[in-house]
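A.B. asks: Just to be clear, the model below is a prediction. Sequence and coordinates:
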Amino acid sequence: MRSILRTAVVAAAALGATVLGAPAAGAAEEPTERRGATVQSTVGYDVSHPQCGQTLPDDAAFAVIGVNGGIATTENRCLADQWEWANESSGAVPAQPRAQLYVNTANPGEVREQVTTWPRLGVNRYGVCDGDNSAACSYEYGVDRAENDVRIVLDTLGDASPGAGDIAVESRADLVGLRWWLDVETMNTWQTDGAAAQRNNRATLEGMTDHLESVGGRVGLYSTGYQWGEIVGDVPSWSSLHGLDSWLAGARSLSGAVANCSDAPLVDGGRVIMTQYVEDDLDHNHSCVAAALSAPATTAPATSAPATTAPSTTTPATTAPASTTPTSAGASG
C-alpha cells in the first residue's frame, strides 16, 4: 500500500497494484459456523480485473466485485463472470450481502488538462461548475463517475441470465438495496494542496455517494485511517459521507482483521462493518457483524474530531452549502 499521493494521471493508471483485487493464488480458511449438519465458511473475498481467468475460491460466504479496471474511468472486463461467481456465495453471514460491488475513486482536478473527463458545467450544492478546479466541479466529477459506474453495471450485468436465487441487475429497479463501496486509496489520482484539496476530494466522494444513493444504492467507504486522513481529512456533519459505514483495509492476517473491527470508523456516525486482510496473495474479508444490520448508530467515534472553529477561506463553511439540483453534464468521455 502506497503512502505518497499521486498527482499524475499516467502514474495512476498502473493497474493491478491496488489493495482491492490483489492477484489471487489460493484461499485460506476463516472460522466456520455449523448450520445443522453443514459447516460453512464465513470468509468473504474481493476480486476484480487482476483475477480475470483465474479459478476463484469455492468457499465464499460473500464477495465484493470491482466494477472498474483499476482506475475510476475504466471497466473490469470480467465483471459479469465474477458477479456470477459472487452469486454462488453461501450467504453464511447475514449481515453481508452475497454479492456486492466496489468502485475506484479519484479527483484529477490538479491535472485536469491531462484528462478528458473533467466537467465543464453543472450546478450543485457547492455552486456553479465552470471547468475550473473547484469544489463544484469536483462534485460534478463524482456524479459523472458514479453515473458511468451505474451504466457499466447495467450494460454488463443486464444482459446476463441470472440463475435461481441470483442477485439480478437487469434494470434500474434492481439497483435498489445494492451495496456499493467507494475505494479510496492514495495510489489513485487525488488533489494534494492542503485543506482546499481535501475539500475538493470530499466533494467528489459526495457526488458519487449522492448519485449512487439516488438510484437506491447502499454506499460504504473502503480505505485505511491513514489514507482517508491524507485524502479527505475531517468530514463535517452535513456531508453526505457522514454516517456511512466503513470497510477497513490494512491487516495482514485474520487476527489483525478481527482486531481492526475495534478501530474507529472512517467517518463519524458510521460503523466498521467489515475488515480486509491478505492471505496467499488474495484479498480476504472478515465481517465485524454477524446479524443483519439495523439502522446506523446515531453516534460513533471518528478518526479525528471535526473542526469546531470557523474554517479558513479555503474550506467550506461549517454549515452545509446551499443545496441546488445537481446536473450530470460535463464529462466528455
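C.D. replies: Thanks, I have it.
A.B. asks: Can you point out the buried residues in stretch 47-66?
C.D. replies: Buried residues in stretch 47-66, counting neighbours by 16 or more other C-beta atoms under 10 Å, are found at 47-51, 56-57, 59-66. Every residue, glycine included, has its C-beta placed from N, CA and C.
A.B. asks: what do you get for stretch 269-284?
C.D. replies: In stretch 269-284, counting by 16+ other C-beta under 10 Å, buried: 269-279, 282-284.
A.B. asks: now these as a markdown table including distance to residue 240 and pLDDT?
C.D. replies: Formatted as a markdown table, these follow (distance: C-beta to C-beta, whole Å; pLDDT from 0 to 100):
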| residue | distance to residue 240 | pLDDT |
| --- | --- | --- |
| 269 | 11 | 97 |
| 270 | 12 | 97 |
| 271 | 17 | 97 |
| 272 | 19 | 98 |
| 273 | 18 | 98 |
| 274 | 20 | 98 |
| 275 | 24 | 98 |
| 276 | 24 | 98 |
| 277 | 29 | 98 |
| 278 | 30 | 96 |
| 279 | 34 | 94 |
| 282 | 33 | 96 |
| 283 | 27 | 97 |
| 284 | 30 | 98 |
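A.B. asks: and these as TSV, adding distance to residue 123 and secondary structure?
C.D. replies: As requested, the buried residues of stretch 269-284 are exported to TSV (distance: C-beta to C-beta, whole Å; DSSP: H, G, I helix; E, B strand; the rest coil):
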residue	distance to residue 123	secondary structure
269	28	coil
270	29	coil
271	33	coil
272	35	strand
273	34	strand
274	36	strand
275	39	strand
276	37	strand
277	43	strand
278	43	strand
279	47	strand
282	44	strand
283	39	strand
284	43	strand
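A.B. asks: ok, residue 208 - contacts?
C.D. replies: 103, 105, 142-143, 145-146, 149, 182, 219 (C-beta atoms under 8 Å, 6 or more residues apart in numbering).
A.B. asks: Please report which of those residues has the highest neighbour count.
C.D. replies: Neighbour counts for the contacts of residue 208 (other C-beta atoms under 10 Å) peak at residue 142, which has 31 neighbours.
A.B. asks: Out of the contacts of residue 208, flag the one nearest to residue 211.
C.D. replies: Using C-beta to C-beta, residue 146 comes nearest to residue 211 of the contacts of residue 208, at 3.8 Å.
A.B. asks: my read is that closest one is in a helix, agree?
C.D. replies: Yes - counting by DSSP: H, G, I helix; E, B strand; the rest coil, residue 146 is part of a helix.
A.B. asks: got the contact list for it?
C.D. replies: 103, 207-209, 211-212.
A.B. asks: what separates residue 45 from residue 61, distance-wise?
C.D. replies: As defined by C-beta to C-beta, to the nearest Å, residue 45 lies at a distance of 9 Å from residue 61.
A.B. asks: and the nearest residue to residue 287 once chain neighbours are set aside, how many neighbours?
C.D. replies: Ranked by C-beta to C-beta, 6 or more residues apart in numbering and with sequence neighbours excluded, the top spatial neighbour of residue 287 is residue 93, at 4.6 Å. Other residues near residue 93 come to 25 when the count uses other C-beta under 10 Å.
A.B. asks: Distance of residue 93 relative to residue 263?
C.D. replies: From residue 93 to residue 263 the distance is 19 Å (C-beta to C-beta).
A.B. asks: now do residue 61
C.D. replies: Taking C-beta to C-beta, one finds residue 61 at 22 Å from residue 263.
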